[in-house]
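predicted coordinates and the sequence they were generated for:
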Amino acid sequence: MSLQVPATGYDFPFTGDFRPSETALVIIDMQVDFCAPGGWVASLTPALDLMRAPIEPIKRVLSAVRAAGMKVIYTREGHRPDGSDLTAVKRFRTRLAYDGAGVGEYTALGRVLTRGEPGHEIIPELAPEPGDIMIDKVGSGCFYGTEMEHILRANGIRHLVFTGVTTECCVHTSMREAADRGFDNLLLEDATAAVTLALKEAAVSIIRDPSTLFGTVGTSDDLIAVLHTLAQKPTPGHNPA
């Protein structure tokens with residue numbers, strides 16, 4: 001029995017046969033600085049509730065994905081403590097966006113998006129487990145300057161399920177990078193967020209468009225239903241009686 005996750009504009013994966021062994025869950029930047037009280041976003045914007053909305057859907061997806069034996073890949077955006085990998089233009093742009101407190105500046109939780117600081121870590125609600133893969137990145141996309149593609153190829157991964165923040169920036173950039181490298185991509189709409197609903201809706205609509213340049217859009221419930229169905233399939237030679 002072949003299964004696909006219902007999605008728009010095409011069911012996932014495009015091959016018509018969802019296989020956990022060929023699929024990875026990618027959790028983009030669910031870090032304290034973005035998604036926790038006291039973090040960068042919470043300190044400087046009213047968007048914390050929006051940014052935390054994906055937590056429960058991702059938790060449910062994680063449980064089903066781990067039970068199915070799928071690879072789980074986390075990403076963290078962050079820079080070296082000495083700032084040697086932080087460009088002047090990124091510092092400038094993030095200061096504009098966050099009222100002078102850009103990447104590398106100090107907040108109550110230390111320096112923003114800086115490796116080793118509390119704000120750089122994954123939020124406790126979605127803490128990685130042994131065997132999960134962590135990708136540390138300096139840019140928006142999870143392929144730029146990282147081992148991401150090498151790890152996927154080495155593990156036979158062909159299809160990627162994307163969750164996390166922010167929809168219009170790091171999630172979108174990562175999906176575009178993956179598409180250019182030949183991976184099939186599914187965005188779980190209820191498991192991603194942006195600092196405004198308008199930005200999220202715009203980003204999702206680009207992926208949902210019938211041209212499907214970068215992937216397709218589904219929901220956490222539909223993915224979980226497919227994983228549960230696969231778990232109930234009898235193994236070859238097994239007699240349920």
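Ah, there it is. Keep in mind that what you see is a predicted model, and the values were worked out from it rather than measured.

and the helices in the chain?
Ranges of helices in the chain, per DSSP state H, are 32-35, 40-44, 48-52, 55-68, 88-97, 148-154, 172-180, 197-208, 220-232.

now do the buried residues in the longest one.
Looking back up the chat, that one is helix 55-68. Neighbour-count burial for helix 55-68 flags 55, 57-58, 60-62, 64-66, 68 (criterion: 16 or more other C-beta atoms under 10 Å). (Each C-beta comes from the backbone N, C-alpha and C, glycine too.)

from these, which is closest to residue 200?
Proximity of the buried residues of helix 55-68 to residue 200 was ranked by C-beta to C-beta; the top entry is residue 57 with 13.5 Å.

what's the spacing between the closest one and residue 132?
18 Å (C-beta to C-beta, to the nearest Å).

same question for residue 144.
Residue 144 is 21 Å from residue 132, where distance means C-beta to C-beta.

who has more neighbours, those two?
The residue with more neighbours, out of residue 144 and residue 132, is residue 132; 16 against 13, by other C-beta atoms under 10 Å.

please name the nearest non-neighbouring residue to that one.
With C-beta to C-beta, 6 or more residues apart in numbering as the criterion, residue 132 has its nearest non-adjacent residue at 4.5 Å, and that residue is residue 72.

cool, and residue 181?
Closest to residue 181 by C-beta to C-beta, 6+ apart is residue 149, at 5.9 Å.

pretty sure that neighbour is in contact with residue 142, am I right?
No - if you go by C-beta atoms under 8 Å, residue 149 and residue 142 don't touch, sitting 9.5 Å apart.

more crowded one of those two?
Per other C-beta under 10 Å, whichever of residue 149 and residue 142 has more neighbours is residue 142, with 30 against 16.

circling back to that earlier point, ranking the helices of the chain by burial, who's on top?
Most buried of these by mean neighbour count (mean count of other C-beta atoms under 10 Å) is helix 32-35; its value is a mean of 26.

contacts for that helix next, please.
Contact with helix 32-35 is made by 38-41, 48, 51-52, 55, 107, 109, 112-113, 118-123, 165-166, as judged by C-beta atoms under 8 Å, 6 or more residues apart in numbering.

now swap in stretch 146-154 and tell me
Identification of contacts with stretch 146-154 by C-beta under 8 Å, 6+ apart yields 24, 73, 133, 135-137, 142-143, 157, 160, 181, 183.

thank you kindly, that will do.
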